[in-house]
Structures are given as structure tokens and as C-alpha cells.
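>>> Make a model of this:
(2 chains)
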Amino acid sequence: MEPIKLLTIDYTILIAYVAFVIGIGWALSRYMKTSADFLTSARSIPTWVTGLAFISANLGALELVGMAASGAKYGISTAHFYWLGAIPAMIFLAVFMMPFYYGSKARSVPEYLKMRFDERVRALNSVAFAVMTIFASGISMNALAKLLNQLLGWNYDLALWICSGVVLMYVLKGGLTSAIYTEVLQFFMIVLGFAPVVYLGLKDVGGWGAMSQSLQGVAVETAASKGTEYAANAWTSAWQPLLAGPAHNPMGVDLFAMVFGLGFVLSFGYWCTNFLVVQRAMAAKNMAAARNTPLIAAVPKLLFPFLVIVPGMIAVALTAMPSKDYRIPPPVISQENYTKAIAAVRSTNPALPEAGVAAVESALGEKVDSKKLGTLIADNAKGGLTDTQIKTGIYNSIAAYDYDGVILSLVKKYCPPGLLGLALTALLASFMSGMAGNVTAFNTVFTYDLYQAYFVKNQTDKHYFWAGKVVTVAGIVLSIAAAYFASMYNNAMDIIQLVFGFVNAPLFATFLLGMFWKRTTGTGAFLGLFLGICGSALFHALTITTGNLPGVKGGYLGVLHVFPSEMAQNFWLASFAFIVCFALTVAISFATKSQKTDEDLKGLVYSLTPKIKPGDVPFYLQPGVVGVVLLIACLIMNLIFW
Amino acid sequence: MGLDIRWPIGLMFTLIGVLLTGYGVFKLNINMIWGIVLLVFGSLMLFGAIRG
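Sure, this is the predicted structure:
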């Protein structure tokens, strides 16, 4: 993809956005007087703001770039990450778990674990969380800097430091409140920045019906050319290909792994225990606002597949329409390699195109479509094409797809100057909200759960207020270091995400037992969680996926089972880790004595906590009722795309 | 915290709406259409902030 040239109007929109987010931080700085103001917003934010921040904190790079890529790879089945893997968990958090998080007056999720269990569980969770948030933030910023480098030709280092500097400016001034407020701004920026791309793309492809028809053709063609067992609806139905079995859906996942692994273990583990999102609800101004936060967030989450997944489906449909002059971008190839490939095309004898194909593949380091390249060689021999024409021909003949480039290629195709600035600002906003969310979660956990708990106890509030500010700067600097780490090693991202998976997979079992079974002991929780993490590492070491060699993708201690896809392996790993953690926590809890009395556990465990009275809240606005309505809406979405 | 977030949201989208609409007029095309959408959205936010 050639770098995009931005005009003055595009830069004006970009600069206006940056000025407003920094302005919000500065406007809030005079209200930052205590550590609670800075690190927890002093529990003062209105519901609609925390609700949109809750969803926006999750709207990072993965959501926009990754979900469009998944939409292209897997079709509407990607919506399982929303209608199965998010909404039910968000409703569960609102109805059952927020009363404990908010009512216990814990300042963070690890602090809740300390109140419910003991210091060991808090230490394990807070250290793991602090390390993971720094790496997540670094990965996000590395992706942004690489993107700006490839897309706009900006210098990688400059892009990384400037974007991190902007986040630092507003988070350091306004703390969690400025992160939450700018997340609301970013939410609207992302929705309003990408909606025109979806509209113009659907219009170009001929509407939803024409797109579905094209995708059915792609599924049939894929089945014929690659020998898969995909039915025609592999990209357009969410459940039928899944019910037909792993060989019949592009994800390669079976029903149990999808429903239990993603729909229960991973989704509840993320939405109900990850402090990054739960922190937004804990900043709400009262219990009702805290419980309504995930419910408000669930409404846009229900509709997000149309904003982030459909572009990927549009890209696949357009690629299958020769008249549209579009292809999913190939992997990024240097200009130097293109020059070598152009020379190879020019020097090839048109009577022997096979030699030309081999020379071009060698120059590019990528497989090419021999038919398309043969035509290009013949055309060049006939008419003497220009370098630009040959380069375009080579670009279109590269067989591999870089799915992460889908959303940007559509932005480039459909957005004229002006709208282009808006869409790129939306992309920038998504990366920055991801970094700000991670940094604010990191500084709260590090300051309260590590620094105050273990290093410097019993200091004045002013001391912790300034410690929070220092930790914020340290968090940004460490994120930049993590970004450089991720950029230096090809496997760094895989390894980091692998470790995330090990740590997150068993976590929900600990919370579930802690909140709903008063007999769970601190020793049971600590050992169950620790052994659950070990169990997930062992599971990974003994399984692998088709087409992968033993190593970072698993199987390094031997191969007991081969999964059809990495996604299936991840979902089964999560299921296994959850079951190990759950079973061991129960067994060890029966064998050990609880250090907590029923009085200690009041407000922390379901059976010992007085139920919340609805008060004067109308029946139809009670969290349970709203939750049921949202579940029905979610079910309808699943049925529409069955 | 004393700051009504609708002020910055309203001001920013009104400004971007004016910029896009103006650019669309001088260069309905998509910039004009979306500029008007942002202008309306920003104005509604400002109206909410003024009512407060």
C-alpha cells in the first residue's frame, strides 16, 4: 500500500482532536487534590459517561484493526466475540458482581481479592495484572507507530513518542477522570469516523444482499480450490457452520469450545474480572450507576459488529468482484524488493513464464498467482509496460493477504480528504484510548496494591497522590520500552499474548467461587489459581495445531492432541485451565480452614450480603430487567445471523 | 469533577462538522453529508450542556 498523503484539512481535524483531549486533561487538573481523585475519580462519574468509557476502554487497536481482519478471515462468525463472548458476561457483571466490587469499597479488583481471601491472592493477581497492562499498552503503541510509519511515512520513533506524550499529558493532569472523559470523546470519534466507511463500502458492493451473494461465491470457490468442506454460508451464517463441525467453519472451532471456552470462560474472565474495564464501573457515582455501567455499554457492544466486522466482509466481497479494482492488501514488501521483482518481470522470456514466476517469488519472498503474473509478463512483452504498471500487476498477483491492512485499505479507497482525516483520527483515538486505559489501570493497581501494600505503608494521602503521578510517568515509559521490545522480536507478540492466556484463563474460577461459595479459603484460591496457570502452560506444551511446528505455538513437551486451528486450541486451553482451577480450589478449600468469619465476608459473598432493594427505581429500569431485555436482543441477533 | 463532558464533545464535533461541510462546499458529496451529521450531533451535545 502506497503511503497516504494527508492534506491541510486532514491535519486540522487531527490537531483539533489532540488539542481537545489535552484540554480535557488540563481542565480537570484543578480538581485533582487527593489520591482518590487521581486514581479512582473519587467515585463521582455519571452513568452514561462510565458506560461509554467502559466500552471505549476496550475499543483499542485489537477491536478496530483486529476485528476487521477477523471479519475478512471468518465472516459473520466473528460476531461470536460480541453476541456470545461479551454481552452475557457484561450483564452478569452488572447484575451479580458489581454489588460486591462497588459495595465492598475496594479501590481495585486485586484489593477485592485481598478483602475476600488474603494478601497472597492479591499479590499474585496485582503483579500479573501490572505486567500484562504494560505489555498490552506497549503492543498497542507499537502497532500504532508501525501503522503511522507504513501509512503516512512518519518516523516510527517520532510517532511512538509523540502519541505516548499526548496520552501522558492528559492522564498526568487529570488522572483516571481525564482518561474516562477522553474515552467518551474517543467513543464518538470512532463511531462517527468509521460509520461512513461502512456506508460507502456497502453502497459500493451493492448492498447487504449483493455482499452476501459474493461471500457465498467465495465460500464455494474456497471449498473447490483449497479442498475445504465449507458450505456456501460459511461467511454469512454465525451458527450453522459451527454446528456442522470444525472442518465446516473458517474458525476451525467446535461447538463446546465456542460456547464454553469463549462464551463462558474467556468472556466472563475478561469482562467480569479485568480491572481495565471494571475500573470504569467502579468510578461511578453510586451503586445504581455502577450496576448500570456495563448495561449501558452492552447496547453499543450489541451493534459494534456492523461497525468493525462488516468492513472485513466487504473487503472479501470486493476482492471477489474484478470490476471493483480492489484486493485485500498483500503483506508489506519493501520498495527494494519490488524493484528486484520489476527487473525480473522485464528480463523474463514470455515463452518461459515459469522462470519469471520463480524469479519474482524469490525477489518478493512471497508466493504469487502464476496465472496473473504470466499475463503480466505477456503484456509487458507485447507493449512494454511502465514500472508503475508492472508494480501494480505484481501487487495484484501476490497470493498472501495481510488481513490487518483491511480497514486501512478501505479507508484509503473510500475516504476523500477531510473524511480521511476524520477516519485516521478515529484510528488514532482507538490506540490512544487503549493506552490510556491500560496506564490508568496500571497506576491504580501499582500504587494501591503494590506500593502502598508492600513498599511504603502508612504514608499521607498526599504522598500516594504524588506516587500515583510518578507511577503514571513510569507506566508510559515502560509501555514505550514494551513497544520497542514488541517491534524488535517477531515472536514477541505471540509470546506475550500466550502468557496473557495462561494467566487469564483460570481467573474467573477464582472469582466465581470467591463470590458465590463462602467456604472458599485463601489457600484454596491462591493454590487453585497458581496451579490453574501451570495447568494452562502444561496444556499448551502438550498440544499443537495443524500446520504449526512445535515451539511458541505449543507442543514443545510432546504432542498429545492436534487442534484444527489456533483459535480452537486457545478456547480448549481456557476451558481446561478453568476446570483445573475450579476443581483444585474446591478440593483445597475443603482441606483447609477459612481465616474469615461470616461477619468478615459480609458484602463480599453472595449468600452473606443483604440483597439490594430496588427503592424507587421503576421495574423496567432495574438491572435484572434491563439485563433480560438485552439478552433477548442478543438472542435475536444470533437468530438473524443463525 | 466539575466539568460537563458534553461541552468539549459538542465543541469538537461542531468544529469538525463546520470544517468538513465547508471543505465539501468548496472542493451533496460525502464531506458535506457527514459534516452536517457531525454538526447536528455537536449542536445537540452543546444544547444538552447548556441545559445542564
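
>>> The spatially most central residue of chain B: helix or strand, and which one exactly?
For chain B, the residue sitting closest to the mean C-alpha position, by C-alpha atoms, centre = their mean, is residue B:14 at 2.2 Å. Assigned by DSSP states H and E, residue B:14 belongs to helix B:6-26.

>>> hmm, back to that, helix or strand for the residue lying closest to the residue nearest to the centre of chain B once chain neighbours are set aside, which one?
Distances taken as C-beta to C-beta, 6 or more residues apart in numbering or on different chains place residue B:42 nearest to residue B:14, at 3.3 Å, with adjacent residues excluded. In short, each C-beta sits where N, CA and C put it, glycine included. Using DSSP H and E, residue B:42 falls within helix B:30-51.

>>> Distance from that helix to the middle of the chain?
Chain-centre distance of helix B:30-51: 4 Å, with C-alpha atoms, centre = their mean, to the nearest Å.

>>> Contacts for it, please.
Contacts with helix B:30-51, where a contact means C-beta atoms under 8 Å, 6 or more residues apart in numbering or on different chains, come from A:188, A:192, A:196, A:200, A:416, A:418-419, A:422, B:4, B:6-7, B:9-25, B:28.

>>> still on that earlier bit, neighbours of the residue nearest to residue B:14, how many?
Per other C-beta atoms under 10 Å in any protein chain shown, the neighbour tally for residue B:42 reads 23.

>>> Tell me the confidence at it?
As predicted, residue B:42 sits at a pLDDT of 94.

>>> From residue A:328, how far off is it?
35 Å (C-beta to C-beta, to the nearest Å).

>>> what do you get for residue A:468?
44 Å.

>>> for residue A:430, same thing?
21 Å.

>>> repeat for residue A:414
As judged by C-beta to C-beta, residue A:414 and residue A:328 stand 15 Å apart.

>>> Could you do residue A:178 as well?
38 Å.

>>> Neighbour count: those two, which is higher?
Between residue A:178 and residue A:328, counting by other C-beta under 10 Å, residue A:178 is the more crowded of the two (31 against 20).

>>> show me what contacts that one?
Counting by C-beta under 8 Å, 6+ apart, residue A:178 has contacts A:24, A:25, A:28, A:170, A:171.

>>> now do residue A:90
Per C-beta under 8 Å, 6+ apart, neighbours of residue A:90: A:271, A:294, A:295, A:297, A:298, A:301.

>>> Show me the two of those that sit farthest apart.
A:271 and A:295 (12.2 Å; C-beta to C-beta).

>>> For those two, indicate the residue with more neighbours.
residue A:271 (28 against 24).

>>> mind listing what residue A:289 touches?
Neighbouring residues of residue A:289 by C-beta under 8 Å, 6+ apart: A:45, A:46, A:47, A:50.

>>> If we use 6 Å, what do you get?
residue A:47 (C-beta atoms under 6 Å, 6 or more residues apart in numbering or on different chains).

>>> mind checking how far it is from residue A:301?
Here the criterion is C-beta to C-beta. By it, residue A:289 lies 18 Å from residue A:301.

>>> Same question for residue A:357.
46 Å.

>>> pLDDT wise, what is the residue nearest to the centre of chain B at?
For residue B:14, pLDDT reads 91.

>>> just how off-centre is the host helix or strand of residue A:437 within its chain?
Assigning secondary structure by DSSP H and E places residue A:437 in helix A:419-444. Mean C-alpha position of helix A:419-444 versus that of the full chain (C-alpha atoms, centre = their mean) differs by 12 Å.

>>> With stretch A:267-274 instead?
13 Å.

>>> Quick check: whatever residue of the stretch 501-642 of chain A ends up closest to chain B vs residue A:47, distance?
Nearest residue of the stretch 501-642 of chain A to chain B, counting by C-beta to the nearest C-beta: residue A:621, 20.2 Å away. With distances taken as C-beta to C-beta, residue A:621 is found 11 Å from residue A:47.

>>> Between the two, tell me which one has more neighbours.
residue A:47 (19 against 12).

>>> any idea which element the nearest residue to the more buried one once chain neighbours are set aside lies in?
Among residues not flanking residue A:47 along the chain, residue A:289 sits closest, at 4.1 Å (C-beta to C-beta, 6+ apart). Using DSSP H and E, residue A:289 sits within helix A:287-303.

>>> Show the average pLDDT along that helix.
90.

>>> Pick out the residue of the stretch 301-450 of chain A closest to chain B.
Taking C-beta to the nearest C-beta, chain B has its nearest neighbour within the stretch 301-450 of chain A at residue A:418, 4.3 Å off.

>>> Mind pulling up the pLDDT for that residue?
pLDDT, residue A:418: 90.

>>> Beyond the helix holding residue A:289, next helix or strand please.
Next along from helix A:287-303, by DSSP H and E: helix A:305-308.

>>> what sits up against the following helix or strand past that next one?
The first helix or strand that comes after helix A:305-308 along the chain, using DSSP H and E, is helix A:310-319. By C-beta under 6 Å, 6+ apart, the surrounding residues in contact with helix A:310-319 are A:68, A:71-72, A:75, A:198, A:201, A:205, A:211, A:214-215, A:218, A:324, A:326-328, A:406-407, A:410.

>>> Next: stretch A:41-61.
Here stretch A:41-61 makes contact (C-beta under 6 Å, 6+ apart) with A:36, A:140, A:143, A:176-177, A:180, A:183-184, A:186-187, A:190, A:276-277, A:280, A:283-285, A:289, A:292-293, A:296-297, A:300-301, A:430-431, A:433-434, A:437, B:1, B:5.

>>> so where is chain B shaky, pLDDT-wise?
B:1-2, B:27 (pLDDT under 70).

>>> Compute the number of surrounding residues for residue A:462.
11.

>>> meant to ask about residue A:598, not that
Neighbour tally, residue A:598, other C-beta under 10 Å: 11.

>>> Likewise for residue B:7?
The burial count for residue B:7: 17, using other C-beta under 10 Å.

>>> can you check residue A:395 too?
17.

>>> What sits closest to it if chain neighbours are left out?
Nearest to residue A:395 is residue A:330, by C-beta to C-beta, 6+ apart, at 6.5 Å.

>>> what sits against residue 9?
Using chain A here. A:417, A:418, A:421, B:23.

>>> That was the other one, I meant chain B.
A:185, B:45 are the contacts of residue B:9 under C-beta under 6 Å, 6+ apart.

>>> Residues of the stretch 51-200 of chain A that sit close to chain B?
Counting by C-beta under 6 Å from any C-beta of the partner chain, the stretch 51-200 of chain A comes close to chain B at A:177, A:181, A:184, A:185, A:196.

>>> what about the first one, which helix or strand?
When you say that, I think you mean residue A:177. Per DSSP H and E: helix A:156-205 holds residue A:177.

>>> ditto for residue A:518
Per DSSP H and E: nothing holds residue A:518, as it lies in no helix or strand.
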